[in-house]
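Visitor: Quick one: sequence and predicted model below, then my questions.
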Amino acid sequence: MAELNQKNMYHKVLVIDDNEIDRYIAARNIKAYHFADETVTKESAMTALEYLESLKDTPDELPEVIFLDIRMPEMDGFDFLREYEKLSASVQKNCIIMMLSTSLDPTDHERAKNNRYVKKFLNKPLDKDSLNDFKPGE
C-alpha cells in the first residue's frame, strides 16, 4: 500500500533512443519504480535537441534527467553531446545526462566518463537497479 503513495524522484525525464522497445521498457520502468512523474521519449538525437531548444525559455518544463542512447543512426549520443554543448546555459544547468547503452566498447565508456555533461554510464535495459542507484544530487 505504501508503494502507491511513493513520491517520484523527478518531475520529468527524457529518453532518447532509436529503438522503440528500449524506449518502451525505459518509460515503463521509470513509471513503475517511481523515478519520474512524466517521461518524454524521442527516437532521435535531432528531435531531442529541437525539443530541448523549444524549452530554453521555460526551464521549469525541461527534463531533469536525460537518458541518452549511444548508438543511433544519423546522430549518435556523442554527436548529441557536441550539439548539446551549444544549447543555452539554462538548458545545460537544468539537465543531468545519463548515457544508456548496450555497448561493451571500453572506448565508449571512457568517452562518456570524460564528458562533462554525462553523470553516469548505464547499461540497457534501464531497470529497477539502475534507477535505484541514481539519487538526486549525484
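Guide: The structure has been received and is ready for your questions.

Visitor: Now F67: which helix or strand?
Guide: With secondary structure defined by DSSP states H and E, F67 is part of strand 65-69.

Visitor: ok, and what's touching the next helix or strand after that strand?
Guide: The first helix or strand that comes after strand 65-69 along the chain, using DSSP H and E, is helix 77-84. Outside helix 77-84, the residues within contact range by CB atoms under 8 Å, 6 or more residues apart in numbering are 16, 45, 48-49, 52, 68-71, 75, 91-92, 97, 99, 101, 111, 115, 117-118. Just so you know, the C-beta spots here come from the backbone N, C-alpha and C atoms, and that holds for glycine as well.

Visitor: From these, list the buried ones, please.
Guide: The neighbour-count criterion (16 or more other CB atoms under 10 Å) marks 16, 45, 48-49, 52, 68-70, 75, 91-92, 97, 99, 101, 111, 115, 117-118 among the contacts of helix 77-84 as buried.

Visitor: quick one: which of the residues you listed sit in strands?
Guide: I16, L68, D69, I97, M99, S101, V118 (DSSP state E).

Visitor: Quick check: the third one vs S88, distance?
Guide: Right, D69. As defined by CB to CB, to the nearest Å, D69 lies at a distance of 23 Å from S88.

Visitor: Same question for the second one.
Guide: Going from L68 to S88 by CB to CB gives 18 Å.

Visitor: after the lengthiest helix in the chain comes which helix or strand?
Guide: Of all the segments of type helix in the chain, defined by DSSP state H, the longest one is helix 20-32. Counting by DSSP H and E, the element after helix 20-32 in chain order, helix or strand, is strand 36-42.

Visitor: quick revisit: dump the strand holding F67 to PDB, restricted to CA.
Guide: Once side chains and other backbone atoms are set aside, the C-alpha atoms of strand 65-69 remain, and they are given as PDB (Å, rounded to 0.1, in the frame of the first residue of the first chain):
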ATOM      1  CA  VAL A  65      17.300  13.800 -16.300                       C
ATOM      2  CA  ILE A  66      18.100  12.700 -19.900                       C
ATOM      3  CA  PHE A  67      18.700   9.000 -20.700                       C
ATOM      4  CA  LEU A  68      20.800   9.100 -23.900                       C
ATOM      5  CA  ASP A  69      21.500   6.100 -26.100                       C
END
